[in-house]
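A.B. asks: Below is the sequence, then the predicted model.
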Amino acid sequence: MRILGIDPGSRITGFGIIDVNGDRATPVRHGVIKTGGGEFPERLGIIFSGIRDLIDEHAPAEVAIESVFVSRNAGSALKLGQARGAAVCAVISRGLPVSEYSPRSVKQAIVGRGGADKVQVQHMVSVLLQLQELPVEDAADALAVALCHQHTQQTMQRMQVLQKT
């Protein structure tokens, strides 16, 4: 199964694609979509198109996205929410299921503590995926979201098996 993880941002949106075979995750591609300094609606269009193009090129079966965290700055939170909405709309336009995870739950799944910092997430993503070099922060966060989704799906499958017995 192929999973696309997304770390939304109004200026930089991270993405990470992994292939899952049993308990093993293999990196396919990761990087960022940079929207530049244009008008905000144009930046949302870049996010939408970028995610849609990634889906068309790599054909993930499922998509996981980080949910919006509450910020002290309401304007920033609104922009982040709109960037996330653009990414979700791109996914839905291609008929794919979307799962969302809080930043805290992603860090808990990858590092083992919900308060982990970005450097710890980068390091653990590199270790788990056996990457040769550290991915940039936003791409590492997106890979972490994809890995969190993998872990969550596997845990849910194990629980279903246990309930049947």
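C.D. replies: Perfect, I can see it now.
A.B. asks: Just name whatever secondary elements the top helix by length along the chain is in contact with.
C.D. replies: Assignment by DSSP state H gives helix 137-164 as the longest helix of the chain. Other elements packing on helix 137-164 under the criterion 3 or more CB pairs under 8 Å, 6 or more residues apart in numbering; DSSP states H and E are strand 2-7, strand 12-21, strand 24-34, strand 62-66, strand 98-101, helix 103-111, helix 118-129. (Glycine included, C-beta is placed from N, CA and C.)
A.B. asks: Show the low-confidence segments of this structure, by residue range.
C.D. replies: Applying pLDDT under 70 to the chain flags residues 69-71, 165.
A.B. asks: among the helices and strands packed on helix 137-164, which is nearest Ala86?
C.D. replies: Closest approach to Ala86 among those is made by strand 12-21 (8.6 Å; CB to CB).
A.B. asks: residues of the closest one that come out buried?
C.D. replies: 12-20 (16 or more other CB atoms under 10 Å).
A.B. asks: before we move on, what about stretch 35-51?
C.D. replies: In stretch 35-51, counting by 16+ other CB under 10 Å, buried: 35, 43-44, 46-48, 50-51.
A.B. asks: For that stretch, C-alpha coordinates in CSV please.
C.D. replies: The C-alpha trace of stretch 35-51 is given here as CSV (Å, rounded to 0.1, in the frame of the first residue of the first chain):
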residue,chain,number,x,y,z
THR,A,35,4.2,28.6,-2.7
GLY,A,36,6.3,31.7,-3.0
GLY,A,37,5.3,35.2,-2.0
GLY,A,38,2.3,35.7,-4.3
GLU,A,39,-1.3,36.5,-3.3
PHE,A,40,-2.8,34.1,-0.8
PRO,A,41,-5.5,32.7,-3.2
GLU,A,42,-2.7,31.9,-5.7
ARG,A,43,-0.7,30.1,-3.0
LEU,A,44,-3.7,28.0,-2.2
GLY,A,45,-3.9,27.1,-5.9
ILE,A,46,-0.3,26.1,-5.9
ILE,A,47,-0.9,23.7,-3.0
PHE,A,48,-4.0,22.3,-4.6
SER,A,49,-2.2,21.7,-7.9
GLY,A,50,1.0,20.4,-6.3
ILE,A,51,-0.9,17.8,-4.2
